[in-house]
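> Could you look at this predicted model? Sequence included:
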Amino acid sequence: MWSEFKKFAIKGNVVDLAVGVIIGGAFGKIVTSLVNDIIMPLVGLLLGKISFRDLFITLGEGAFTTLDAAQKAGVPTLNYGLFLNNILDFLIITFSIFIVIRQMNRLSKKKEEPAPKPLNTQVCKYCYSEININATRCPHCTSELN
């Protein structure tokens with residue numbers, strides 16, 4: 001059983017999948033950082049110095065200016081700013097994967113050879129001239145063709 005498991009685990013597909021998962025996790029962290037640390041602060045600046053992290057609605061009593069303050073007070077919140085960050089995260093990752101898959105498909109597309117044209121000629125067995133396949137006599141040597 002152990003040797004069978006080793007054969008399975010060392011197959012190319014399993015190793016490729018493991019590498020893909022690891023790279024995907026790292027890529028996700030990079031995109032999350034890009035969204036949270038670069039894109040959203042710039043968008044917030046353009047929209048009047050809004051911090052998307054602090055866009056929330058309290059579902060309990062009290063007024064809070066930051067999400068951290070509301071969470072420390074134990075008040076339930078509806079965090080739509082964080083939700084917007086996650087949507088942007090998702091869109092960037094999805095678009096990046098789309099571009100990668102599109103390029104892979106382009107590179108892996110085999111150039112299809114055109115189908116061979118149907119033979120519409122034959123060779124005369126007497127004079128070896130090329131003649132139409134429907135001919136009953138050779139136009140060059142006038143031999144009858146079968």
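The structure has been received and is ready for your questions.

> only C-alpha atoms for contact and neighbour calcs from this point on.
Will do.

> what is the mean pLDDT for the one helix or strand residue 82 maps to?
If you go by DSSP states H and E, residue 82 is part of helix 80-108. The pLDDT scores in helix 80-108 average 86.

> so who does the spatially closest residue to residue 80 that is not a sequence neighbour touch?
Leaving aside its sequence neighbours, residue 80 sits nearest to residue 56 (CA to CA, 6 or more residues apart in numbering; 5.6 Å). Residue 56 makes contact with 67, 77-81, according to CA atoms under 8 Å, 6 or more residues apart in numbering.

> Of these, which qualify as buried by neighbour count?
67, 79, 81 (16 or more other CA atoms under 10 Å).

> What ranges in this protein fall below the confidence cut-off?
The model of the chain has pLDDT under 70 over residues 12, 110-113.

> need the strands for it, in chain order.
For the chain, the strands defined by DSSP state E cover 57-58, 77-78, 121-123, 130-132.

> Could you export the ones you listed as CSV, including distance to residue 3?
Compiled in CSV, the strands of the chain are given as follows (distance: least, CA to CA, whole Å):
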stretch, distance to residue 3
strand 57-58, 57
strand 77-78, 52
strand 121-123, 61
strand 130-132, 64
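
> between those strands, which one is nearest to residue 90?
strand 77-78 (19.6 Å; CA to CA).

> residues making contact with that closest one?
Contacts of strand 77-78 (CA under 8 Å, 6+ apart): 56-60, 67, 70-71.
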